[in-house]
Every structure is written in structure tokens, then in C-alpha cells.
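Chemist: Fold the following for me, if possible:
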Amino acid sequence: MLFNSIEYLIFLPIVLCFYWISHHKIQNRLLLVASYIFYGLWDIRFLFLIILSTSIDYMMGILIDKNQLSKIQFLKSTGYIFFSAIVCLLISWPPPSELFLSNQDYLNRLSINDNNFDIILALFTTWILSTYFIINFLHRFSQENRKKIYVGISIFANLLILGFFKYYNFFIDNAENVITYLGGNPQLFHLNIILPVGISFYTFQTMSYSLDVYRGKIKSTKHFLDFALFVAYFPQLVAGPIERASNLLPRILNKRKVNYEQIFRGIFLIFWGFFKKIAIADGVAGSVNSVYNTTGVVSSLDVVLATMLFAIQIYCDFSAYSDIARGTSKLLGIELMRNFNLPYFSTNPSEFWRRWHISLSSWLRDYLYIPLGGNKKGNIITYRNLGITMLLGGLWHGAAWNYILWGAYQGAILSIHRYFTHKKEEYQSSNINLILKIIFFFIITCYGWLLFRANSFTQITEFTYLLFNWNDLSINIKRPTLAAILALPMLIAYEFFEYKTKNIKFYCELLNPLVSTAVALAILFIAMGLSNKPSQFIYFQF
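Modeler: Model (predicted):
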């Protein structure tokens, strides 16, 4: 279900009406059902993967923390897996578009997929045997070693699921020559794999729970359905922010009250997100595609303009999802972390990654960069750690070489920046110097977005060549929509004001006349955009 769709505008008020009149336990069960519906409407088969990850990490969290698993806890996990396999894999559900048929017509379309019965049986048998092995055979190890094994199982299981669905065909594509050399047929190894929406986000979120329990930062939760809600919480399930259990789980486990201030701020964030997505991101998408998706000749100016517009598109598209997610969550009385903090006002790459996709950059810092040694083992090791972290951060975005190149580029500029600024004292720049630094780093960032957006390595080389050979100054790029042209100066002015005042309260304060005007205009631009088919958010593919 898309945030920017009519279905969501119907779904959310229904959920809120029942949520606001319910007590805490019913609220959590309602949110869990709503989350599964929200995700299952894409493809109910992929809902099973979320439930599988939930069950694995629920058990591993308890085993890491308590060193034992009760029969009730085991039966909860097992029953949940078995029931979800029947619902998600065995039953063939009609498309969501047919939900509006009469009940009898819809029920007549249901069928049983006999081909999946053997798969379910194999999964269930594997689950029982592996759990029995874990519980009964690992007692020969010391308690500390058992903890390491349990957290290792959690990491391995989650990365196995993520790796298979996201990277299997990528590695087969790149191993074709080796397979052919060994006398095999590469086509036999290719599988028709559909990438589950949001798998990278919820995989990292549930993995962080097991790691934090292992590190002693949090205690495991014995409430299975509440933990399931933590994993599948619908506002941020598909494209983040990637929440930590230490922040989100207590808000789920404890009673919540929704006040008028949260409602007003939540509504503002939702409208502001729609404004950025529909008016700006979708408004410049056609211009970007006219250059990056063309098979014809493009000029140097086309490449520059399209890349700058893509920088705007990806920021407005991704931050819009985070704003709508945070706004929706405020209406439920649950605070989510801020995922973007004026990233294009950064003056260097280190600052940029403290402002851009904060939930991912902090995740990579805490669970990858610091465990590798961080900056505590000398400059060479630090540069290595930065490179590895950003390479894997690029690979997290997708199974393609341009993402890996983008990650390598980010690691390189982080290392270069550290080399030239290490141990130098900070000083207050003048306004002119600050503006020049922001512009200079925005140019550097834009080249990274060229690597990120390019469709092939050939396109990267061609567009890079055009950036250094300005022979053709013609402009063939498609013009952005009127909504984007009018909305973009508003966004720049608004974020500049916030940057200069550094007043976070202003960002969500509806009583401020400027913000009230922005909300009113956001509604206007939404009305202009609703006539078009809602487009998918860019980060759904990751």
C-alpha cells in the first residue's frame, strides 16, 4: 500500500478511529493486524518472510538474554510460523483489487496451492529440528559461547534471507564466466526472484535487536506479539527510519496517550511529506528520466541539470516517506527518529552522513564501523574501515555495480576529508566561506548521485566524459512540472530558514504563519497531483 494512494487515505482513518478508542493491549493487536494488512497487500507471500525473521529473532533474543527458552515461548514461535505459512503460502489469494467484490465472489476465488505444501512441510520440519538442536545440544558450550552462537544464528539467518532474495541473481550474473568455464549452463542457476518490498529495512531493524540484547544494551522481550509489532510496525516498515529496539520497543510495550499537539504536528508532517513527494519529487522525475533513460544523444548541460534534479528528487522522495511515517506515528502516540536533517547544507562528507539517512548511517557506524575498529587503530585501519563500511552501505542499496561504485566513492571522499582535516582545530567560517563550502560539497555529492542513478557502467563513463568536455551546450532535458517549479523555491526557503534559526520546533509548529501557509499550499499541490497515478517511492526498491 502506497502512502500517496487513495487506499491509504481510507486505511489510516479507519485504523485511527479504532485505535483511539481502544486500550493499550488492543491498540497493539490492532496495529499488528494493520501492519500485516499494509504489507500483505503488496504480496502476501512476502509477509511470511517478516514473520519468519520475527520468530527467529524472538527466540534468539530470549536465548541470548536468559539462556533458555520455555515451552510456551517455543510453541508461540512455532505456531506463528506454521499458521503464517498456511495463510501466506498455502492459500492462493485473489488480487487486492478484487477485495471490493461481494464476500461470496471473493471466497469463491480462493484456492489451495498444493505445490507449496511440500515446502511448508520442509520448513516446519527444519524449524522443529533446528530449534531442538539449538536448545538441547548447545549446552556443552560455555554460557558466553552459547550467546555468541545464538547471535550468530540470528545474523546468519537474516543475512541468508536478505542475500538470497536481493543478491542471488547478481552473483550468478557475475559468475557466468566461471560457471561456463567449469562446463555448466549459467541459465540453469538463474531464478525468477521478486525482491520483497522493504526487506533491507526490516532485516536491519530486527538484527539490531539481537545485537543489542547480546551487547547488554536492552533486555529481551517475552511478549511475542509486541515484538512482532516492533518488527512490522507499518508507518516505517517499508522504507524506514530503521528504528532501534531501545527506542521503539518501550513505546510499544508502555501505554500511550495521543494529545492534540501530537495530532497537529503529525498532520503537518504528513502534508509536508505529500508536498515533497507529489509536488517536487514526482514533478522532476520526468526530467531526470528524460536524460538517464534516453537512448539518444545528451549534452553536458543535460547531464548537469538531470543530476542536480535527481539530487532533489531522491531527497524529496525519501525524506517525504520518512516525514509521512513520522507524522502517521505521531497520530498513534509513538515517536520515530528524524531520518533527515537538512543534508544539503552539509559542508563535508562526515557532516552529510550525520544528516542524510541518519538511521542507516548510525546503524552502519554502530554495528559495522565501530566493531571493525573505528578510528582507534591508526589512520590506515581507519581508512580501511571507512571503505568497507561504505562499500557495504552501497551494496545494501541494491545488487548492482553502480551502487558498489557509489559506496566506494563515499568511502573515498570520507577518507580524503579525514586525511586533510584530522586533528585540525575547527574555526568559525564566515558566511561567504560557509556558502562556498556548501556549494562545493553539493557538487561533490551530485557526482555521487550520478553514480547512484546511472543505468550502466557505460553510462557512467559517458556522462563523466561529458562533465569534462563541454562541447555541446544545448539543453534537451524535459522541463519539470509547474508544481515542481513553484514548490522547489518554497522548500529551499523553508529549509534555509530552519538551518539559520536551528529551531527544530519551527519545523512542526502549525501556529507559525509561514508553516500554516506551507501546509495550505501543500494541500493545493496535492490536489494538483492526485489526478496522476501515484508513483512508488524510490527506496521501495531497496
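
Chemist: Check whether the residue nearest to the spatial centre of the chain sits in a helix, strand or coil.
Modeler: With distances taken as Cα atoms, centre = their mean, the chain has Ala239 as the residue nearest its mean C-alpha position (3.2 Å). When classified by DSSP: H, G, I helix; E, B strand; the rest coil, Ala239 comes out as coil.

Chemist: Repeat that for the one 3 residues further on.
Modeler: Secondary structure, three-state DSSP: Ile242 is coil.

Chemist: Distance-wise, check Glu335 relative to Phe497.
Modeler: For Glu335, the distance to Phe497 equals 24 Å [Cβ to Cβ, to the nearest Å]. (Glycine included, C-beta is placed from N, CA and C.)

Chemist: still on that earlier bit, right, and the residue nearest to the centre of the chain touches Ile199 too?
Modeler: No. Taking Cβ atoms under 8 Å as the definition, Ala239 is not a contact partner of Ile199, at 11.2 Å.

Chemist: returning to what we had before: pop out the phi and psi values for the residue nearest to the centre of the chain.
Modeler: phi -140, psi 30 (degrees, to the nearest 10).

Chemist: if I look at it, how far off is Gly198?
Modeler: Distance, Ala239 to Gly198, using Cβ to Cβ: 6 Å.

Chemist: So in the chain, where's the weakest helix or strand by average pLDDT?
Modeler: Among the secondary structure pieces of the chain, namely its helices and strands, helix 504-508 has the lowest mean (mean pLDDT, DSSP states H and E), a mean of 46.

Chemist: Contacts for stretch 360-369 next, please.
Modeler: Contact partners of stretch 360-369, identified using Cβ atoms under 8 Å, 6 or more residues apart in numbering, comprise 204, 207-208, 211, 240, 242, 353-354, 385-386, 388-390, 392-393, 396.

Chemist: let's see it at 7 Å
Modeler: Here stretch 360-369 makes contact (Cβ atoms under 7 Å, 6 or more residues apart in numbering) with Phe204, Ser208, Leu211, Ile242, Trp353, Asn385, Thr389, Leu392, Gly393.

Chemist: Quick one: mean pLDDT for that stretch?
Modeler: Stretch 360-369 carries an average pLDDT of 92.

Chemist: Would you list the phi and psi of Gln68?
Modeler: Gln68 adopts backbone torsions of phi -160, psi 160, taken as degrees, to the nearest 10.

Chemist: shaky segments in the protein?
Modeler: Applying pLDDT under 70 to the chain flags the ranges 93-118, 135, 177-179, 181-182, 186, 188-189, 422-429, 502-534, 539-542.

Chemist: what residues go with each domain of it?
Modeler: As recorded under automatic domain parsing, the domains making up the chain are 43-220, 260-344+431-541, 348-428.

Chemist: For the stretch 101-250 of the chain, which segments count as strands?
Modeler: 111-112 (DSSP state E, counting those that start in this stretch).

Chemist: ugh, typo on my part, it should be the chain
Modeler: 91-92, 111-112 (DSSP state E).

Chemist: Give me the spatial nearest neighbour of Gln262, chain neighbours excluded.
Modeler: If you skip the residues right next to it in sequence, Gln262 has Lys330 as its closest partner in space, 4.7 Å away by Cβ to Cβ, 6 or more residues apart in numbering.

Chemist: got it, and Ile324?
Modeler: For Ile324, the spatially nearest residue (Cβ to Cβ, 6+ apart) is Gly273, at 3.7 Å.

Chemist: ranges for the helices of the stretch 301-450 of the chain?
Modeler: 349-355, 358-364, 370-372, 379-397, 401-421, 431-453 (DSSP state H, counting those that start in this stretch).

Chemist: So which of those helices is nearest Thr481?
Modeler: Among these, helix 431-453 comes nearest to Thr481, with 19.2 Å by Cβ to Cβ.

Chemist: other SSEs contacting the closest one?
Modeler: If you count contacts as 3 or more Cβ pairs under 7 Å, 6 or more residues apart in numbering; DSSP states H and E, helix 431-453 packs onto helix 300-331, helix 401-421.

Chemist: Nearest to Phe156 among those helices would be which one?
Modeler: Distances from Phe156 to each of those were compared using Cβ to Cβ; the shortest belongs to helix 401-421, at 22.6 Å.

Chemist: how distant is the closest one from the center of its chain?
Modeler: Relative to the chain's own centre, helix 401-421 is displaced by 21 Å; criterion: Cα atoms, centre = their mean, to the nearest Å.

Chemist: Next: stretch 439-457.
Modeler: Taking Cα atoms, centre = their mean, the mean C-alpha location of stretch 439-457 is offset from the chain mean by 20 Å.

Chemist: what's next to it, contact-wise?
Modeler: Stretch 439-457 is touched from outside by 292, 307-308, 310-311, 314, 344, 346-348, 352, 401-403, 405-406, 409-410, 413, 460, 463, with contacts defined as Cβ under 7 Å, 6+ apart.

Chemist: Just the buried positions in that stretch, please.
Modeler: Of the residues in stretch 439-457, those with enough neighbours to count as buried (16 or more other Cβ atoms under 10 Å) are Phe441, Phe442, Thr445, Cys446, Tyr447, Gly448, Trp449, Leu450, Leu451, Phe452, Arg453, Ala454.

Chemist: Quickly note the distance from the second one to Thr421.
Modeler: Distance from Phe442 to Thr421, counting by Cβ to Cβ: 18 Å.

Chemist: Buried residues of stretch 82-95, list them for me.
Modeler: Judged by neighbour count using 16+ other Cβ under 10 Å, the buried positions of stretch 82-95 are Ser84, Ala85, Val87, Cys88, Leu89, Leu90, Trp93.

Chemist: With respect to Leu41, which of those is nearest?
Modeler: Scanning the buried residues of stretch 82-95 for proximity to Leu41, where the rule is Cβ to Cβ, the winner is Trp93, at 10.1 Å.

Chemist: Would you agree Ala408 is in contact with Leu391?
Modeler: Yes. The criterion here is Cβ atoms under 7 Å, and Ala408 meets it with Leu391 at 5.8 Å.

Chemist: Show me which of these two is the more surrounded one.
Modeler: The residue with more neighbours, out of Ala408 and Leu391, is Leu391; 19 against 15, by other Cβ atoms under 10 Å.

Chemist: Touching, the residue nearest to Ile324 and Ala320? I think so.
Modeler: Yes. In this structure, Gly273 is within contact of Ala320 by Cβ under 7 Å, at 4.2 Å.

Chemist: who's more crowded, these two?
Modeler: Ala320 (29 against 25).

Chemist: Relative to Leu336, how far out is that one?
Modeler: Per Cβ to Cβ, Ala320 is found 14 Å from Leu336.

Chemist: What of His357?
Modeler: Here the criterion is Cβ to Cβ. By it, His357 lies 14 Å from Leu336.

Chemist: what's the answer for Arg365, then?
Modeler: Distance from Arg365 to Leu336, counting by Cβ to Cβ: 19 Å.

Chemist: Kindly report the same for Tyr465.
Modeler: Relative to Leu336, Tyr465 is positioned 43 Å away (Cβ to Cβ).

Chemist: who has more neighbours, the two?
Modeler: With other Cβ under 10 Å as the criterion, Tyr465 and Leu336 differ in neighbour count, and Leu336 comes out ahead with 23 against 11.

Chemist: Which residues are in contact with that one?
Modeler: Counting by Cβ under 7 Å, 6+ apart, Leu336 touches Pro235, Gln236, Pro241, Glu243, Ala325, Arg326, Ser329.

Chemist: which of those residues sit farthest apart?
Modeler: Checked with Cβ to Cβ, these reach their widest spread between Glu243 and Arg326, with 10.9 Å between them.

Chemist: Do I have it right that Ala306 meets Asn289?
Modeler: No. Here Ala306 does not reach Asn289: they are 8.6 Å apart, not a contact under Cβ under 7 Å.

Chemist: When these two are compared, which one has more neighbours?
Modeler: For Ala306 versus Asn289, the count of surrounding residues by other Cβ under 10 Å is larger for Ala306: 27 against 16.

Chemist: what sits against that one?
Modeler: Applying Cβ under 7 Å, 6+ apart, one finds that Ala306 lies in contact with Ser287, Val288, Val291, Tyr292, Ile477.

Chemist: how close does the third one sit to Thr78?
Modeler: Here Val291 is placed at a distance of 53 Å from Thr78 (Cβ to Cβ).
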